[in-house]
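Chemist: model this:
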Amino acid sequence: MPNFALHKLKVPTLLSAFITLLNDRLGETIVFPLLPFLLDRFTNSGSTLGLLAGTYAISQFAVAPLIGALSDRFGRKPIIIACVAGSVIGLSLFAITISLNWEKILPGTTMGIPLLFLFLARVIDGISGGTATTATAILADISTPENRAKTFGLIGVAFGLGFLLGPGLGTTLAQYNVNLPVWAATGFALLNLSLVTWFLPETHPKSARSKLPRKRELNPITQLSLVFQQSSLRRLCLAFFLFFMAFNGFTAILVLYLKQSFHWTPEMASLTFVVVGIVAMIVQGGLIGPLVKTFGELKLTLSGIGFVIVGCILLPIANKNNAIPTVFTAVAILALGTGLVTPCLRALISRKLNASNQGAILGSLQGLQSLGTFIGAATAGISYDLLGAKSPFYGTTLLLIVVIALISTRSLTERTRYKV
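Modeler: Now for the predicted structure:
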């Protein structure tokens, strides 16, 4: 940023981006561990749970290219304000829906009506879900290629802290009223909106802004096809997509699996997410920088995927006699793996981007993640109902083996070209 005096505003910028990323996680993790228990009034279907979890993601996918392009054209701040405001609306609708006594309001009504409102709330929240995309672009704006992986580690810290605070706060509040956690998430979103409105500086200078692309280029499918047409990004982006499809797929039904297989309470289920938060914060908050310098992003990405595979294998091995030690060991290993993969794989892709189209490509990455999450969550839910509770874990393992093959093949190809 030699021509843009951003360093003077780095602290409020990092704080605003971090709180935005944290809000994006808290909106999920405060409620997510309790979701199967909240839905007890309406349904106990794995397919419905998976679709509800994936609705946010597919809605986000539909607008991800537009969000990225708008932030490249008009700057990061106005876009992130609009997105956080939409998040407030979506969370508020979700909170109102689960708080109402539908039997009294509409006597004899089916549970399909409140479920419809819950899906609508997720759609609204997802459409405005460009918060993570724009916050990631902000972090890219204020970092250099050399320290980008370390800066992107803030994404992991927010991810970890969200998993640490969200489940704990959600479980604590649910002891008083099961609806309170959703209202708490709404309140934090309001705080986030105030912060980005009043304290976030603009990080994308006018000299670096680009014109809006044509309408057809904002089509999410078209945008993804353009990414995959770039040979330098194709394998990495496909690996990125499959990783999040696999990981977010089985995590969408993890709490339901623990609830139905081991009769775990909301408190026990939430503790697994607390473990994830602690491990992710340690790895991405303090270790990722030194680890990247020592081993490099590629080796850490492959090692991280290996850890996730080990965690996926451990989970279906658990039984009622060893569930507690096995499940908690598995989620700790999963968190370690994800803590390595998330910033390093993003950094590998980010290194190949130009400053002028960073927002659009990062928006496409978010679109890939969202599409993968929707497909993964929906597939895992259907598999859970039709093939058995353990089937999503086996499917995840197979997909992650494919991810390793894609990244390893890409690395071998590049080394061969370098030698030639």
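Chemist: Any stretches of the stretch 101-250 of the chain with poor pLDDT?
Modeler: The stretch 101-250 of the chain contains residues with pLDDT under 70 at 108-110, 129-130, 144-151, 203-210, 212-213, 216-217, 223, 226, 229.
Chemist: Could you pull out the helices in it for me?
Modeler: In the stretch 101-250 of the chain, the segments counted as helices under DSSP state H, counting those that start in this stretch are 102-105, 112-127, 131-141, 148-174, 180-198, 220-229, 231-252.
Chemist: most tightly surrounded among the ones you listed?
Modeler: Ranked by mean neighbour count, the helices of the stretch 101-250 of the chain are led by helix 131-141 with a mean of 27 (mean count of other Cβ atoms under 10 Å). (Glycine included, C-beta is placed from N, CA and C.)
Chemist: helices or strands next to that helix in the packing?
Modeler: helix 10-29, helix 46-74, helix 76-99, helix 148-174, helix 358-387 (3 or more Cβ pairs under 8 Å, 6 or more residues apart in numbering; DSSP states H and E).
Chemist: Mind putting the ones you listed into a markdown table with distance to A318?
Modeler: Below are those laid out as a markdown table (distance: least, Cβ to Cβ, whole Å):
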| stretch | distance to A318 |
| --- | --- |
| helix 10-29 | 22 |
| helix 46-74 | 18 |
| helix 76-99 | 30 |
| helix 148-174 | 19 |
| helix 358-387 | 16 |
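Chemist: before we move on, the earlier item: okay, the helices of the stretch 101-250 of the chain in a markdown table with distance to G306 next?
Modeler: Shown next, in a markdown table, are the helices of the stretch 101-250 of the chain (distance: least, Cβ to Cβ, whole Å):
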| stretch | distance to G306 |
| --- | --- |
| helix 102-105 | 47 |
| helix 112-127 | 31 |
| helix 131-141 | 25 |
| helix 148-174 | 18 |
| helix 180-198 | 34 |
| helix 220-229 | 26 |
| helix 231-252 | 12 |
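Chemist: so which of those helices comes closest to I96?
Modeler: helix 112-127 (8.1 Å; Cβ to Cβ).
Chemist: So what angle separates the directions of the closest one and helix 10-29?
Modeler: Angular relation of helix 112-127 and helix 10-29 on a 0 to 180 degree scale: 160 degrees, by axes from the mean of the first three to the mean of the last three Cα atoms, to 10 degrees.
Chemist: which outside residues touch helix 112-127?
Modeler: 27, 41-43, 48, 51-52, 55-60, 62-63, 86-87, 89-91, 93-94, 97-98, 100, 102, 106, 370 (Cβ atoms under 8 Å, 6 or more residues apart in numbering).
Chemist: one step back: out of the helices of the stretch 101-250 of the chain, nearest to K293?
Modeler: Nearest to K293, of all those, is helix 148-174, at 9.1 Å by Cβ to Cβ.
Chemist: Which helix or which strand is home to L345?
Modeler: L345 belongs to helix 323-350 when assigned by DSSP states H and E.
Chemist: Of the helices and strands packed on helix 131-141, which is nearest S128?
Modeler: helix 76-99 (2.2 Å).
Chemist: the inter-axis angle of the closest one versus helix 131-141?
Modeler: Inter-element angle recorded for helix 76-99 and helix 131-141: 150 degrees (by the same axes, to 10 degrees).
Chemist: In PDB, could you pull the C-alpha coordinates for helix 76-99?
Modeler: This file holds the C-alpha atoms of helix 76-99, laid out as PDB (Å, rounded to 0.1, in the frame of the first residue of the first chain):
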ATOM      1  CA  ARG A  76     -15.500  -2.000   0.900                       C
ATOM      2  CA  LYS A  77     -17.200   0.100   3.600                       C
ATOM      3  CA  PRO A  78     -20.700   0.800   2.000                       C
ATOM      4  CA  ILE A  79     -21.000  -2.800   0.900                       C
ATOM      5  CA  ILE A  80     -20.100  -4.200   4.300                       C
ATOM      6  CA  ILE A  81     -22.500  -1.900   6.000                       C
ATOM      7  CA  ALA A  82     -25.400  -3.100   3.800                       C
ATOM      8  CA  CYS A  83     -24.400  -6.700   4.400                       C
ATOM      9  CA  VAL A  84     -24.300  -6.400   8.200                       C
ATOM     10  CA  ALA A  85     -27.700  -4.600   8.100                       C
ATOM     11  CA  GLY A  86     -29.200  -7.500   6.200                       C
ATOM     12  CA  SER A  87     -27.800  -9.900   8.700                       C
ATOM     13  CA  VAL A  88     -29.500  -8.000  11.500                       C
ATOM     14  CA  ILE A  89     -32.900  -8.400   9.600                       C
ATOM     15  CA  GLY A  90     -32.400 -12.100   9.000                       C
ATOM     16  CA  LEU A  91     -31.400 -12.900  12.500                       C
ATOM     17  CA  SER A  92     -34.300 -10.800  13.900                       C
ATOM     18  CA  LEU A  93     -36.800 -12.800  11.800                       C
ATOM     19  CA  PHE A  94     -35.400 -16.100  12.900                       C
ATOM     20  CA  ALA A  95     -35.600 -15.000  16.600                       C
ATOM     21  CA  ILE A  96     -39.200 -13.800  16.200                       C
ATOM     22  CA  THR A  97     -40.200 -17.000  14.500                       C
ATOM     23  CA  ILE A  98     -38.900 -19.400  17.200                       C
ATOM     24  CA  SER A  99     -40.200 -17.100  19.900                       C
END
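Chemist: which residues touch stretch 174-181?
Modeler: Contacts of stretch 174-181 (Cβ under 8 Å, 6+ apart): I30, V31, L34, F37, L38, A95, I98, S99, L169, G170, L173, P266.
Chemist: switch the cut-off to 10 Å
Modeler: 26, 29-34, 37-38, 40-41, 94-100, 166-167, 169-173, 182-183, 266-267, 270 (Cβ atoms under 10 Å, 6 or more residues apart in numbering).
Chemist: The residues you listed, buried ones only, as a ChimeraX selection?
Modeler: Burial among the contacts of stretch 174-181 is assessed by 16 or more other Cβ atoms under 10 Å; the matching ChimeraX selection reads:
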select :26,29,30,31,32,33,34,37,38,94,95,97,98,166,167,169,170,171,173,182,183,266,270
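Chemist: Could you tell me the average pLDDT over the helix holding L345, please?
Modeler: Helix 323-350 shows a mean pLDDT of 90.
Chemist: roughly how far out does that helix sit from the chain middle?
Modeler: 13 Å (Cα atoms, centre = their mean, to the nearest Å).
Chemist: repeat for stretch 370-384
Modeler: With Cα atoms, centre = their mean, you get 14 Å for stretch 370-384.
Chemist: Compute the mean per-residue pLDDT across that stretch, please.
Modeler: Here the average pLDDT along stretch 370-384 is 92.
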